[in-house]
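Q: below is the sequence, then the predicted model.
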Amino acid sequence: MIRKSNDQTLGEIIRELLERYRLDERIVSVDVTHSWEKVVGELINRHTTSLYVRRKTLYVRMDSAALKNELGYAKSSIVAAINKQVGKEAITEVVFL
């Protein structure tokens, strides 16, 4: 079968739609927030009150100032672990609130 020049695969069309409606950022955000507990563990997750991603930055609100301070020293390893869990460079920074 000969493909015409304007034919696209289903995967190409889906990627184009995700980019056009900026849904790819939302999907990455969901992937990152779902991988949070796997990366930091149950104890830290219990002290996490909210998570969201904006412009490749993960914002984490915590209920423990001491834990927030300790995690501040591990930012780069958390970023690397989350990106590894997600399978791509989903975030470049973590901000603890």
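A: Sure thing, it's come through.
Q: okay, CA-based contacts and neighbour counts for the rest of this
A: Noted.
Q: where do the helices sit along this structure?
A: According to DSSP state H, the chain carries its helices in the segments 10-20, 23-40, 42-46, 65-72, 75-86.
Q: reformat these as a markdown table; add distance to Thr92, mean pLDDT and mean neighbour count.
A: Below are the helices of the chain laid out as a markdown table (distance: least, Cα to Cα, whole Å; pLDDT from 0 to 100; neighbours: other Cα atoms under 10 Å):
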| stretch | distance to Thr92 | mean pLDDT | mean neighbour count |
| --- | --- | --- | --- |
| helix 10-20 | 20 | 84 | 12 |
| helix 23-40 | 12 | 89 | 17 |
| helix 42-46 | 20 | 95 | 13 |
| helix 65-72 | 14 | 94 | 14 |
| helix 75-86 | 6 | 96 | 18 |
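Q: in a markdown table: the ones you listed, plus distance to Val95.
A: Listed next are the helices of the chain as a markdown table, based on distance: least, Cα to Cα, whole Å:
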| stretch | distance to Val95 |
| --- | --- |
| helix 10-20 | 26 |
| helix 23-40 | 13 |
| helix 42-46 | 15 |
| helix 65-72 | 8 |
| helix 75-86 | 8 |
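Q: how about the most centrally placed residue in the chain, what does it touch?
A: The residue lying closest to the centre of the chain (Cα atoms, centre = their mean) is Val32, at 2.8 Å. Neighbour list for Val32: 53, 82-83, 86, 90 [criterion: Cα atoms under 8 Å, 6 or more residues apart in numbering].
Q: before we move on, back to that, tell me which of the helices of the chain sits nearest to Tyr59.
A: helix 23-40 (10.0 Å; Cα to Cα).
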